[in-house]
Structures are given as structure tokens and as C-alpha cells.
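**Student:** got a sequence here, can you model it:
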Amino acid sequence: MSSADLGRALCIITGASRGFGRTVALQMSRSVKSGSALVLAARSGDELRALQVELSGSEAGRAGLKTVCVVADLSQKEGLESVVKAAAEAFSEDMEHIILINNAASLGDVSRFAKDFTNMADVDSYLSFNVSSFLCLTASILQRFPQRPGLKRTVVNVSSACALQPFSSWVLYCSGKAARHMMFRVLAQEEPDLRVLNYSPGPMATAMLEEGRSRTGDSGLKKLISDLYSDGKLVACEDSCAKMMKLLLEDKFKSGDHIDVFDV
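**Tutor:** Presented below is the predicted three-dimensional model:
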């Protein structure tokens, strides 16, 4: 493998149907060798299939890139298992790189403050999709594709500044991102052969940020988000993804590090 590409790879992308995940799928298709496969997982089947059609008509698709769509709710055991099964079926022995992009996430109820979360079921539901499934999918992929000579393994957590900094009324989102961040730092210590990256893509014009702009309970944070829009300070998904791909291609980051889009 050279820095010009990521090799003949099996790449699993969660939350691939829209926003940053969709952009990752498109840019990844141009960064892997012929004979690679993309496993695209999301809850929205129609959007996934539209992406698959776009990829199959691209230069990479015509050059032999295989794409597999998995409509799955990762908060459910069956959803997680279906992604691992699809990855196993898409893998071929001549592949030299396994890449897992953990992008799927939800914002949670940002209209409420920490003191308002008295219902354990609400919190459990959020953590199941954003934290539990994140760890279990990563572990399942690592078990399914264990370390062996000639096989490089890379796992990415699409993180956020919220993993490191508190934001009022975003208690679920901040807590979930902080948990994922630490899980990957631990993983990097436990698995020295593994390449582990926490990548914060910055504030992007996605459906998630739009939800934050309209529903955030903290007035100061709500204004800050609105100002990002009005001041033209949002990061384009394509630009942020290009920086993540640069990190993966150059492969010089310290495993387990948290790297922000503005630091690349």
C-alpha cells in the first residue's frame, strides 16, 4: 500500500446514507484499489440505495468496486449482526486493509437540560444507539477479522468537540461522544497493531446541525449555532472528509489521538 491509496480494502461505513457518512462513501470509493468493497449501513434504505446507484455509475464502480447496502438499526442486536454478516460476505482473501468508519450517531433531545432526564428508558435508548452499538460493532469487526500478516486494520470514530468540551443542553450528545472517545483511546492501548483514529469533522451543514439550530434548549448555544450559519463558518462535508482521508492516507497520526478538522 502506498500513500496514494488505501489498498484493496473492505470499508464499513455506518450512517452512510446522508451527510458526512455519504461523503465518506463517495471519497473512499476513489481512495481504494480495484477489487475493494464498501459496506454501507444506515436506517434509511431509499437513501442508501440511491447512494449505491451513484457509486456503481462512478469511475470506481465501473473499475470493480463492490458496494453492499445494509438497512439496519444499530441499536438492535439484529442490526449489528447484519452489518458484520455483510462485511464477512464482502471480504475476499486478497484484501489487504479493513477500515471501519463509525459515523452513525444521533443528537438526542437537546431541548432539555441534564436535570430533566429522569426517565432511564430515554437515556438507555440514546446510549444503546450511540455508545453500546459503537463498541459492540467495533469489537465484532475486530473479532471477525483478527490480526494477521498482510492485513492492516483501521478503525475511525467520527467524533466531535463535544467529546472534550461541555455544551449546555447537549448532555446526551456530549456524554456519548466522550464515551466513544475514551473507548477508542483504551482500544489503541490494548491493540498496538491497530490504527485507531478519533476524528472531529467540525460544524457541518448537516441535518443533525440543523436539528441543533432549531431545537437547542440553551439560548446561548442556539445563537452560536445560528451565527455559524449566518457568518458562513460551517465546514463543507467534502472539505472535512478530504482532511480525514489525508490523515488515513498519510497514516502518521498517533493511534488513539483525537484530531480536529482545524488541526489538519
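
**Student:** quick one: terminal-to-terminal distance for stretch 198-208?
**Tutor:** 19 Å (CA to CA, to the nearest Å).

**Student:** list the contacts of the spatially most central residue of the chain.
**Tutor:** The structure's the chain has its C-alpha centroid closest to residue 103; by CA atoms, centre = their mean the separation is 1.7 Å. Contact analysis of residue 103 by CB atoms under 8 Å, 6 or more residues apart in numbering lists 13-16, 20-21, 24, 158. C-betas here are computed from N, CA, C, even on glycine.

**Student:** for the chain, which segments count as helices?
**Tutor:** Using DSSP state H, the helices found in the chain span residues 19-29, 45-56, 59-62, 77-90, 120-127, 133-144, 171-190, 207-215, 219-230, 237-250.

**Student:** which one, of those, ends up nearest to residue 258?
**Tutor:** helix 171-190 (6.1 Å; CB to CB).

**Student:** in the closest one, what's buried?
**Tutor:** 171-181, 183-185, 187-188 (16 or more other CB atoms under 10 Å).

**Student:** any idea how far the closest residue to residue 54 other than its chain neighbours is from residue 189?
**Tutor:** Excluding its sequence neighbours, the residue lying closest to residue 54 (CB to CB, 6 or more residues apart in numbering) is residue 26, at 7.4 Å. Applying CB to CB, to the nearest Å, the value for residue 26 to residue 189 is 33 Å.

**Student:** now swap in residue 78 and tell me
**Tutor:** For residue 78, the distance to residue 189 - CB to CB - is 31 Å.

**Student:** and stretch 91-105, what's buried?
**Tutor:** Neighbour-count burial for stretch 91-105 [16+ other CB under 10 Å]: 95-105.
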